[in-house]
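Novice: Return a 3D structure for these sequence lines:
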Amino acid sequence: MIGNDIVDLNYARHTSKASHPRWAEKVLTAQEKEQLKLFPSPASALWSFWALKESAYKIFYKKTGKRLFIPKKFQSSLTHIQPDFLEACIESPLGKWYGQVQISSDTVHALAVTQKKLFQQITYQTTQLKQTTSSHQSSETRKSLCLKLQQQCRLPAEEFRIESPRYFPQVFVKNKLLPIDVSMSHHHQWGAFAFLQVDQ
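Specialist: Below is the predicted model of the structure:
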């Protein structure tokens, strides 16, 4: 199972959260605050942890149907650090999961999985969005996801759709739910998606 999250760094730097110490206290565990010192780029540090937690929460919600998000319940321990790439273990309320973060000058994009081997099977993409209203962000990200799914999974465009009957995206052909695990995210000028085909 997978989850993803994207942060528009250019936008995030201008929000009150970015420099507010109370926000860091609310989001990060003591161990995570220690790990902030390891980051090559302080500007992306907080947001990398946030994106990992959001990604893990999406998995948690898919598994439980519970919407309660307490950031400190999803603790990340960094296992690999490069200027543009991080790996982490995530201690979730449901056990040990795994995370990766791609860092660019514009974005932080995180992926979380329940099994480490799933990273090799994920297709993901980030896209710069034309408009920043929530409805347009969602629509543009969904269109990008649809196009990629049609190309990679060879789904018939006229019969294929993405719906969220359980409040997270699922892929259907006609009325049949396909074994494709999907996650979508958007923030200001950036959208991102991730998907993988699930063994039945």
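
Novice: pLDDT-wise, which helix or strand of the protein ranks last?
Specialist: Sorting the helices and strands of the chain by mean pLDDT, DSSP states H and E puts helix 21-27 at the bottom, at a mean of 83.

Novice: helix or strand right after it?
Specialist: helix 30-35 (DSSP states H and E).

Novice: Give me the helices and strands touching that next one, please.
Specialist: Applying 3 or more C-beta pairs under 8 Å, 6 or more residues apart in numbering; DSSP states H and E, we find helix 30-35 packed against strand 75-82. For glycine as for every other residue, the C-beta is placed from the backbone atoms N, C-alpha and C.

Novice: Now the strand it packs on - C-alpha only, CSV.
Specialist: Output of strand 75-82 as CSV, limited to C-alpha atoms (Å, rounded to 0.1, in the frame of the first residue of the first chain):
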residue,chain,number,x,y,z
GLN,A,75,7.8,9.1,13.6
SER,A,76,10.4,9.1,10.8
SER,A,77,14.0,7.9,11.3
LEU,A,78,16.3,8.9,8.5
THR,A,79,18.4,6.0,7.1
HIS,A,80,19.9,7.6,4.0
ILE,A,81,20.6,11.3,3.4
GLN,A,82,21.6,13.1,0.2
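
Novice: got the contact list for it?
Specialist: For strand 75-82, contacts defined as C-beta atoms under 8 Å, 6 or more residues apart in numbering pick out 29, 31-32, 35, 38-40, 49, 52-53, 86-91, 99.

Novice: strand partners of that strand, parallel vs antiparallel please.
Specialist: strand 85-92 (antiparallel) (DSSP bridges).

Novice: Which positions within the partner strand qualify as buried?
Specialist: Of all the residues in strand 85-92, those buried under the rule 16 or more other C-beta atoms under 10 Å are Leu86, Glu87, Ala88, Ile90, Glu91, Ser92.

Novice: quick check, nearest of those to Phe60?
Specialist: Phe60 has its nearest neighbour among the buried residues of strand 85-92 in Ser92, at 6.0 Å by C-beta to C-beta.

Novice: correct me, but that closest one touches Lys58?
Specialist: No. Taking contacts as C-beta atoms under 8 Å, Ser92 lies outside contact range of Lys58: 11.1 Å.

Novice: all helices of the protein, in order?
Specialist: Ranges of helices in the chain, per DSSP state H, are 9-12, 21-27, 30-35, 42-64, 134-153.

Novice: for those, which one ends up most surrounded?
Specialist: Highest mean neighbour count among the helices of the chain (mean count of other C-beta atoms under 10 Å): helix 42-64, with a mean of 23.

Novice: Report the angle between that one and strand 75-82.
Specialist: Between helix 42-64 and strand 75-82, the angle comes out at 130 degrees (axes from the mean of the first three to the mean of the last three C-alpha atoms, to 10 degrees).

Novice: okay, now the domains of this protein?
Specialist: The record's domain parsing of the chain by automatic domain parsing lists 2-120, 125-191.

Novice: tally of neighbours for Tyr167?
Specialist: When counting by other C-beta atoms under 10 Å, one arrives at 9 neighbours for Tyr167.

Novice: Noted, bye for now.
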